[in-house]
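In: Show me how the following folds:
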Amino acid sequence: MTKPQTRSRQAGFTITEMIVYPMIVVTLIAVAFGYYHNSRIDDAVSAAVDLGLEQKAIIEEYFDTYGEMPQSEADINLSSFRSEGILIGMDYRAGELGVPAADKSRIGTLRALVNMEEFGLRFEEIESGFLLIARAQDDDTIKWDCVADGVTADALGRSYLPKTCSAAKDDEDEEGGEDEELEDL
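Out: Numbers count the residues shown, from 1 in each chain. As a prediction, the model looks like this:
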């Protein structure tokens with residue numbers, strides 16, 4: 001009678017396992033780092049938007065007093081703006097940036113000037129973060145739009161707009177609104 005053959009269990013890892021398991025771990029680490037890096041960028045841009053939105057009150061007060069948008073940075077004393085985080089300054093223009101025919105007495109644009117070098121080489125050349133556009137309504141209230149800067153060559157991409165801008169944009173897209181305007185913030 002022949003003796004049945006029994007397989008012996010291997011005690012260590014196979015070569016395939018020694019290659020695949022570390023690759024899975026490295027992939028998971030890379031994905032986790034990507035989420036962390038993107039959340040840091042989101043936090044920095046959101047803080048910059050919040051700081052920029054603080055300038056709303058100054059522009060609204062000027063509009064209430066004079067019945068028109070400020071015509072220069074001096075009208076709203078923008079030189080006293082204190083930078084913080086990635087936001088290194090604000091630039092104001094009467095009218096809408098990139099729209100020469102915009103009504104300069106009823107529309108004004110705040111452009112966020114940013115320094116994002118801390119986030120890597122791909123952000124090194126970024127100068128402009130976003131635009132906050134004030135539009136006077138017929139009832140003399142001001143509607144604020146938060147949009148990506150599509151005019152400046154080295155501007156932060158639309159995908160980096162904070163959730164406050166993105167959420168309003170998504171709502172308007174569903175309603176069939178214009179592509180670049182957002183609901184009140």
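
In: residues contacting the residue nearest to the spatial centre of the chain?
Out: Among the residues of the chain, the one closest to the centroid is Leu161, at 2.4 Å (Cα atoms, centre = their mean). By Cβ atoms under 8 Å, 6 or more residues apart in numbering, the contact set of Leu161 is 45, 130, 146-148, 169. In short, each C-beta sits where N, CA and C put it, glycine included.

In: Just the buried subset of those, please.
Out: The neighbour-count test (16 or more other Cβ atoms under 10 Å) marks 45, 130, 146-148, 169 as buried among the contacts of Leu161.

In: Now intersect these with the strands, please.
Out: Cross-referencing the buried ones among the contacts of Leu161 against strands under DSSP state E gives 130, 146-147.

In: what's in contact with stretch 101-118?
Out: 41, 44-45, 48-49, 52, 55, 59, 68-71, 86-97, 123-124, 126-136, 149, 152, 156.

In: hmm, back to that, any idea how far the residue nearest to the centre of the chain is from Val147?
Out: 8 Å (Cβ to Cβ, to the nearest Å).

In: Spit out the residues that contact the two alike.
Out: Phe130.

In: For this protein, which segments count as strands?
Out: 87-94, 107-114, 128-136, 142-147.

In: Adding mean pLDDT and distance to Phe81 as columns, could you present those in JSON lines?
Out: Shown next, in JSON lines, are the strands of the chain (pLDDT from 0 to 100; distance: least, Cβ to Cβ, whole Å):
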{"stretch": "strand 87-94", "mean pLDDT": "88", "distance to Phe81": "5"}
{"stretch": "strand 107-114", "mean pLDDT": "90", "distance to Phe81": "10"}
{"stretch": "strand 128-136", "mean pLDDT": "89", "distance to Phe81": "13"}
{"stretch": "strand 142-147", "mean pLDDT": "89", "distance to Phe81": "17"}
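
In: Serialize those strands to a markdown table and add fields for distance to Thr14.
Out: Shown next, in a markdown table, are the strands of the chain (distance: least, Cβ to Cβ, whole Å):
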| stretch | distance to Thr14 |
| --- | --- |
| strand 87-94 | 54 |
| strand 107-114 | 51 |
| strand 128-136 | 51 |
| strand 142-147 | 55 |
